Structure formats: structure tokens, C-alpha cells
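In: No letters, just coordinates:
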């Protein structure tokens with residue numbers, strides 16, 4: 001099995017919750033503060049899953065998390081496009097971004 005095939009299998013098997021747990025743990029190790037709404041049923045629909053703040057990098061990033069097959073809702077698309085419009089660092093992360101190293105690279109800074 002090729003490395004890329006193995007990574008694809010890893011990504012496919014990872015849930016959004018598992019992805020979130022991995023990201024929060026890594027972010028904490030790297031000095032990020034993180035916020036995630038525990039129970040979003042009474043919150044504004046579409047608000048991104050994670051807000052991460054790094055005081056030394058002077059950065060705030062907004063991330064919506066999705067499984068490999070998850071899709072963004074209309075409300076999530078509004079939040080993402082509006083945050084982009086005002087110049088914020090916002091994106092969608094998926095398990096493939098974890099196994100490829102993209103998430104760690106973005107947390108380290110560009």
C-alpha cells in the first residue's frame with residue numbers, strides 16, 4: 001500500500017469529533033487558545049466550529065470542520081464568505097488536511 005493510499009484511508013475513517021480533538025490538542029501544545037461551542041443548538045447557525053488565537057503570532061483563525069464527506073450548510077457558507085470579505089483567516093479543514101500535515105503547517109504560521 002502506498003503512503004497516499006494509507007493517508008486516504010486514515011482520513012476516511014476519521015470523524016469530525018476526532019479531527020477536532022486532534023486539532024485542539026495540537027493547537028494547545030503550540031500555544032493557541034481555542035474556542036468551540038459545546039452545544040450549538042441554541043447558538044447562531046453556521047458559526048465556525050473553532051476560533052483559534054495565538055498571542056505570539058498575533059493571529060486569529062476561524063475554521064469549520066467537516067468529515068471527508070461532510071458539506072457546509074447555507075448558514076456556514078454565509079459565515080465563511082463574510083469572514084473572508086472582512087479579511088479574516090477562515091477555511092474548512094477536513095481529515096485529509098490533518099493526515100497531509102496541512103493543519104500543523106497552518107498552525108505553525110505561514
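Out: Yep, that arrived. Source: prediction; values computed, not measured.

In: what about the longest helix in this structure?
Out: The helix spanning the most residues in the chain, taking DSSP state H as the definition, is helix 16-29.

In: Check what contacts the helix or strand just after that one and list those residues.
Out: Next along the chain after helix 16-29, taking DSSP states H and E as the criterion, comes strand 33-35. The contact list for strand 33-35, computed with CB atoms under 8 Å, 6 or more residues apart in numbering, reads 23, 24, 27, 28, 50, 51, 52, 53, 54, 55. All C-beta spots, glycine's among them, are computed from the backbone N, C-alpha and C.

In: Could you rerun that using 10 Å?
Out: Counting contacts by CB atoms under 10 Å, 6 or more residues apart in numbering, the residues outside strand 33-35 that touch it are 20, 23-28, 48-55, 60-61, 63.

In: wouldn't residue 10 be in contact with residue 97 here?
Out: No - using CB atoms under 10 Å, residue 10 is not in contact with residue 97, being 11.8 Å away.

In: The two - which one has more neighbours?
Out: residue 97 (21 against 13; other CB atoms under 10 Å).

In: wouldn't that one be in contact with residue 107 here?
Out: No - counting by CB under 10 Å, residue 97 stays clear of residue 107, with 11.0 Å between them.
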